[in-house]
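J.: Coordinates only, no sequence provided:
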């Protein structure tokens, strides 16, 4: 979803996710107004202004125009080792469905029932779980967890979300998270600290999903590994 809206940036650049949530942030004084970086500061404001059908059509239009709407899936496939993938904050299912198309075992998790309903309607054979990441309790362990939208900044319990992801990684498993770094939102160092507290070691930072070097810009893709 709108780490950057698909009509604002090319998909090989930041490649936004279907949506950006794992837990919902608290309200702002003016929740309908964008924050300093151009995105609403809280999830409810973003969700209230987005039509899910229109949002999905944007991705189809990008593909029809010859652009790549699957930068996140490309990176997941390049990094993953053994084990299934957890798509955290899966939204309407774009990333999970693409991973399944490529033969990757994947589970989509999101607390928004409308998002999960949209994902399930598109791919009823996949496993979709309606819950927040901070309270997630699945029996399996994953080789990689991907948070492909602004899951971290839109979470109320950000440390809890990271810890919930870490709990579901196999030893050596990877947490891959992309999010905007607009003023007032978590910094990459904040995210590193939550990962360290959850037993994850930093591996790499990039500025795009196609692994352009990190240069302190307005978007980060961070990779951490469970010991």
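T.: That came in fine, so what should we check first? Everything numeric here is computed off the predicted structure, so don't read it as measured data.

J.: and the longest strand along the chain, which residues are buried?
T.: As assigned by DSSP state E, the longest strand anywhere in the chain is strand 169-180. For strand 169-180, burial by neighbour count (16 or more other C-beta atoms under 10 Å) applies to 169, 170, 173, 174, 175, 176, 177, 178, 179, 180. (Each C-beta comes from the backbone N, C-alpha and C, glycine too.)

J.: Let's have those residues in TSV, adding distance to residue 112 and pLDDT.
T.: TSV is the format used below for those (distance: C-beta to C-beta, whole Å; pLDDT from 0 to 100):
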residue	distance to residue 112	pLDDT
169	23	98
170	27	97
173	25	98
174	25	98
175	21	98
176	21	98
177	18	98
178	19	97
179	18	96
180	19	94
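
J.: so can I have JSON lines of those residues showing distance to residue 143?
T.: Below are the buried residues of strand 169-180 laid out as JSON lines (distance: C-beta to C-beta, whole Å):
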{"residue": "169", "distance to residue 143": "8"}
{"residue": "170", "distance to residue 143": "6"}
{"residue": "173", "distance to residue 143": "5"}
{"residue": "174", "distance to residue 143": "7"}
{"residue": "175", "distance to residue 143": "11"}
{"residue": "176", "distance to residue 143": "11"}
{"residue": "177", "distance to residue 143": "16"}
{"residue": "178", "distance to residue 143": "18"}
{"residue": "179", "distance to residue 143": "21"}
{"residue": "180", "distance to residue 143": "26"}
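
J.: Quickly find the element holding residue 81.
T.: According to DSSP states H and E, residue 81 maps onto no helix or strand at all.

J.: okay, now the residue lying closest to it once chain neighbours are set aside: neighbour count?
T.: The shortest distance from residue 81 to any non-neighbouring residue, by C-beta to C-beta, 6 or more residues apart in numbering, is to residue 143 (5.4 Å). The local packing of residue 143 (other C-beta atoms under 10 Å) involves 20 other residues.
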